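Student: no FASTA, just this:
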């Protein structure tokens, strides 16, 4: 919601959609349904930014980037310029961003590599306002870059090795 509020006040140059998916843990059901229902629009999607886990008290923010490595290099520079501590991994991420990458849309997942992920400890008591704020700043910084650059510095394609790995999820 913080990203929505940010971009409501700071209108981006490109159109943005804010979408909430359900049933990720049951096999990316929500994002697969969205992509199937909007198949004709996929060619106009420039980038997908996904939030999987955010705000855990312990741990750090991770950007899992399913795209050409040049995207990671750009994001690394952007995060450093904005003094946002984040780990960037160029890989297929087991999250809703996969569905978009499978359809050829470069994608990123914001994750938190801390304690309690998908365990009985994954409860509101372990959510940190500071960590949520850092995650929101990280996401908004990446989204503003994609939404406002006059010309994107990366190709809208998924590397072949990642395409093969994505096929495992959707074959």
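Tutor: Cool, the structure landed. In this text the structure is predicted, and so the values were computed from the model without any measurement.
Student: OK, contacts around the closest residue in space to residue 78 that isn't next to it in sequence?
Tutor: Counting by Cβ to Cβ, 6 or more residues apart in numbering, residue 78 lies nearest to residue 145, which is 5.5 Å off, once chain neighbours are set aside. Backbone N, C-alpha and C define where each C-beta goes, glycine included. Contact partners of residue 145, counting by Cβ atoms under 8 Å, 6 or more residues apart in numbering, are 74-75, 78.
Student: Show me which of these is closest to residue 17.
Tutor: residue 75 (20.5 Å; Cβ to Cβ).
Student: if I look at residue 24, how far off is residue 60?
Tutor: 21 Å (Cβ to Cβ, to the nearest Å).
Student: The two - which one has more neighbours?
Tutor: residue 24 (17 against 14; other Cβ atoms under 10 Å).
Student: Verify the stated contact: the more buried one with residue 95.
Tutor: Yes - in this structure, residue 24 is within contact of residue 95 by Cβ atoms under 8 Å, at 6.5 Å.
Student: Residue 107: which of the contacts of residue 145 is nearest?
Tutor: Distances from residue 107 to these, taken by Cβ to Cβ, are shortest for residue 75, at 12.3 Å.
Student: what helix or strand is that closest one on?
Tutor: Secondary structure from DSSP states H and E places residue 75 in helix 69-81.
Student: That helix - contacts with which helices or strands?
Tutor: strand 61-66, strand 87-90, helix 129-148 (3 or more Cβ pairs under 8 Å, 6 or more residues apart in numbering; DSSP states H and E).
Student: again, only using 10 Å
Tutor: strand 61-66, strand 87-90, strand 107-112, helix 129-148 (3 or more Cβ pairs under 10 Å, 6 or more residues apart in numbering; DSSP states H and E).
Student: Since that was my last question, I'll sign off now.
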